[in-house]
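S.K.: Here is the input, now give the coordinates:
(2 chains)
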Amino acid sequence: MPRDSWTRPVYSGHFGRAQPRVLVRLPEQMASLLEITDLKTFIRLRKGEVRAVDGVSLSIEAGETLGLVGESGCGKTMTGMSIVQLLPPGGYIASGSIRLGGKELVGLPDRELRRVRGNDVAVIFQDPMTSLNPTMQVGVQIAESVRIHRGASKVEAMKRAEEVLGLVGMPRPKERVKDYPHQLSGGLRQRVMIAMALSCEPKLLIADEPTTALDVTIQLQILELLYELKQRLQMAVLLITHDMGVIAGRADRVLVMYAGKIVESAQTVDLFEGTRHPYTEALLSSIPRMDQDEAAPLYSIPGIPPDLSHPPDWCRFQPRCRYATTVCHESEPLLRADTPGHEFACFNPVSTHQRLDRGAA
Amino acid sequence: MTTSTSPVAATSASDPAPPLVEIRHLVKEFPVTAGAVLQRKIGSIKAVTDVSFSIGKGETFGLVGESGCGKTTVGRLLVGLEKPTSGEILFEGRDIAKLSGSDRRHQRRDLQLVFQDPYASLDPRMRVGSIVREPLNVQKIGTREERTARVRQLLSEVGLSPKSVDLYPHEFSGGQRQRIGLARALSLNPKLIVADEPVSALDVSIRSQILNLMNSLQKVHGLTYLVISHDLSVVKYLSDRIGVMYLGKLVEIGPSQAIYTKPAHPYTLGLINAIPEPDPRRERAKDVSPIRGELPSALNPPVGCRFNTRCPRVQDVCREVEPPLRPFGPQHLAACHFPLQEPTASGSAVSAVA
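M.R.: This is a model prediction of the structure:
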């Protein structure tokens, strides 16, 4: 196991930057931390091939939080999982490029990928109960990551685990390292998962629905924690969620996905206040808000998303779109921008005059 | 607006009709046993402790709270899936918790439940037609032909095609399955439906369909709802009045608008603040610290106010004395020694039963 140049212990209670990675360097100042170009990830199923991610491009800068939002089946999780190539059975990257710090990840042999995972890119998942090993003490699980990626000894790694557990706000970390996952509540388990993810100080954290399974007061704790840690570690975060409220509060930029494609991309405030894509608009109108008039019915998007094993050659949202015209049934709209930094894929984008009112049927 | 301050009185003082449901001092404890051979009771989970509230006919009452607060147990107690450890559940004036046998079975027609998980609550080996028909069969209502017609009618009412009768649950999406659950719940023409997390398992854009459907069914059938959810925005959208539960106790109860705009209990405020709103400017302007800590064990709930381990306003008395429910406005009560606003009465304890 190649030893990293990690001789100086970083356990002093503050997260200093570790030695530069063997694997990944940022050569030029202008390169993004993560650059995905025209990614296509498909899943081979018996019924056919599902084009789960069908031509997605995105970039994340160091220290940025990019939100990836959409409903189930839109491809957001598959996009995130493609970065670390943790794909389900039958899943494969059909084409496209994923560059982390300038280094191409697609086509990398497994051995090298393993060095990237956990070290340069870490992942936290939705349900910590199924992502943590139920037969191992949590301290051991965190230490395992440290030993594999940093070649630390058992003792060093356990110390590190305790330290990191303290950092993620676990009460009494020295005792808790010995707990098993089932002895912890959902919120504490999520902290363990975050501790595992951050134990090697990754540059990029992929958080896939990190708080969906948690109580809302615990969700706020975890989101605050992630924000603090992100600031401290200068870590970039890919925040994958269906929750527009979480996106509103935590993402710097947002990508909205629908049926395997990105339909809108903008700075967070612009996405919510200057929505251009009809799907984004419809989604926002269907959410009950605390300050709204309850008597008004919520907007419902009619119909269902298309079958991604046979996607149409025209706009995928067309059958459900209020503003659809003939052209929408003829060809696929490409991402374009009227204002810098705000892209949308639509022939009839929402203008400020057309805003769907709350209560419109 | 009623002038009564009891959580039980939902109707105005001049309205002669009693509330449809009256829950009085409801307690449910689940024994915890240990020992491989001789099971001995080592404690009990105090799932619901002294909860009282009422629901008026045609009203939607929402019960909100996080895991372990007891709201689902209250729903199950109401429809008879659990028996209370103590307390009364009055339905149209009769204590239904004490019913048994054929009386119980007959009474079940009036109170139905739509379950939380549309993927687990439908028998995967039964066709949808049989699923919706089952309550009619069990209660022996109508002839065979009448039942068939009723099933068709119910399915179309919830927006499903009559062809659905021959299909299996797995052929439907989550939202459609929830509709099937609603159709099943409506089959006996109940007076009250308990909806436990009716939309939590559904995609965001499907939720609005089900919420709109629930509202329209209520108007058409004059239904009364008890909506249970951890999602305050869903509860607020559907409900006229809301009860906030924490670790088995009702900590605040009142009209939805009052709960949202003027919460009296620090936990309620914490809950409201924790909800991420789809409004970036408001979210970023929020200067609230989250409620610290974790939920204490329901086996050994804290002495005094159960929220004392996490409350930002905690003082010594909170760790010793349980706060009584006090009025803060019409039909608005909260149990706190140091509430966020002044109580309206002299501050003396209000009996929970009128």
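S.K.: Give me every residue in the stretch 201-350 of chain B lying close to chain A.
M.R.: Where the stretch 201-350 of chain B comes near chain A, counting by C-beta under 8 Å from any C-beta of the partner chain, the residues are B:203-205, B:207-209, B:211-212, B:215, B:230-234, B:236-238, B:256, B:260, B:270-281, B:283-284, B:286, B:289-292, B:294-295. Bear in mind the C-beta positions are built from the backbone N, C-alpha and C, glycine included.
S.K.: same thing but at 7 Å, please
M.R.: Taking C-beta under 7 Å from any C-beta of the partner chain as the criterion, the stretch 201-350 of chain B approaches chain A at residues B:203-205, B:208-209, B:211-212, B:215, B:230, B:233-234, B:236-237, B:260, B:270-271, B:274-281, B:283-284, B:290-291, B:294-295.
S.K.: As a check, name the ranges of all helices in chain B.
M.R.: Using DSSP state H, the helices found in chain B span residues B:71-79, B:101-107, B:128-138, B:144-157, B:174-186, B:204-221, B:232-238, B:256-261, B:266-274, B:280-285.
S.K.: what sits against residue 199?
M.R.: Here I'm looking at chain A. Residues in contact with A:Ser199 (C-beta atoms under 7 Å, 6 or more residues apart in numbering or on different chains) are A:142, A:145-146, A:160-161, A:164.
S.K.: Wait, chain B was what I had in mind.
M.R.: With C-beta under 7 Å, 6+ apart, B:Val199 has these contacts: B:207, B:210-211, B:234.
S.K.: Find the residue closest to it in space, skipping its chain neighbours.
M.R.: Once flanking residues are discounted, B:Val199 sits nearest to B:Arg207: 4.1 Å by C-beta to C-beta, 6 or more residues apart in numbering or on different chains.
S.K.: can you tell me which residues contact the closest residue to chain B within chain A?
M.R.: Closest residue of chain A to chain B, C-beta to the nearest C-beta: A:Gly245 (2.9 Å). A:Gly245 is in contact with B:275-278, counting by C-beta under 7 Å, 6+ apart.
S.K.: For burial, what's the neighbour tally of the residue in the stretch 51-200 of chain B positioned nearest to chain A?
M.R.: Proximity of the stretch 51-200 of chain B to chain A (C-beta to the nearest C-beta) peaks at B:Glu66, 3.8 Å away. B:Glu66: 22 surrounding residues under other C-beta atoms under 10 Å in any protein chain shown.
S.K.: what's near enough to touch it?
M.R.: Going by C-beta under 7 Å, 6+ apart, B:Glu66 touches A:215-217, B:230.
S.K.: Report the two of the residues you listed separated the most.
M.R.: Using C-beta to C-beta, the contacts of B:Glu66 span at most 9.9 Å, a distance reached by A:Thr217 and B:His230.
S.K.: A:Glu64 touches A:Gln234, doesn't it?
M.R.: No - contact criterion C-beta atoms under 7 Å: A:Glu64 and A:Gln234 do not qualify, at 10.2 Å.
S.K.: Low-confidence regions, the stretch 1-150 of chain B specifically.
M.R.: Low-confidence segments of the stretch 1-150 of chain B (pLDDT under 70): B:1-16.
S.K.: Pull up the distance across stretch A:234-244, start to finish.
M.R.: This stretch, stretch A:234-244, spans 24 Å end to end (C-alpha to C-alpha, to the nearest Å).
S.K.: quick check, distance from that stretch to the centre of its chain.
M.R.: Distance of stretch A:234-244 from the chain centroid (C-alpha atoms, centre = their mean, to the nearest Å) equals 5 Å.
S.K.: Buried ones in it, by neighbour count?
M.R.: For stretch A:234-244, a neighbour-count test (16 or more other C-beta atoms under 10 Å in any protein chain shown) marks A:235-244 as buried.
S.K.: Now render the residues you listed as a markdown table, adding pLDDT and distance to B:Pro302.
M.R.: Below are the buried residues of stretch A:234-244 laid out as a markdown table (pLDDT from 0 to 100; distance: C-beta to C-beta, whole Å):
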| residue | pLDDT | distance to B:Pro302 |
| --- | --- | --- |
| A:Met235 | 93 | 37 |
| A:Ala236 | 96 | 41 |
| A:Val237 | 96 | 36 |
| A:Leu238 | 97 | 39 |
| A:Leu239 | 97 | 35 |
| A:Ile240 | 96 | 37 |
| A:Thr241 | 94 | 33 |
| A:His242 | 92 | 35 |
| A:Asp243 | 92 | 31 |
| A:Met244 | 94 | 35 |
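S.K.: Just the ones of those residues in strands?
M.R.: A:236-241 (DSSP state E).
S.K.: filter these by proximity to chain B?
M.R.: Counting by C-beta under 7 Å from any C-beta, no member of those reaches chain B.
S.K.: Which of those residues sits closest to A:Asp110?
M.R.: Comparing those against A:Asp110 with C-beta to C-beta places A:Leu238 closest, at 22.1 Å.
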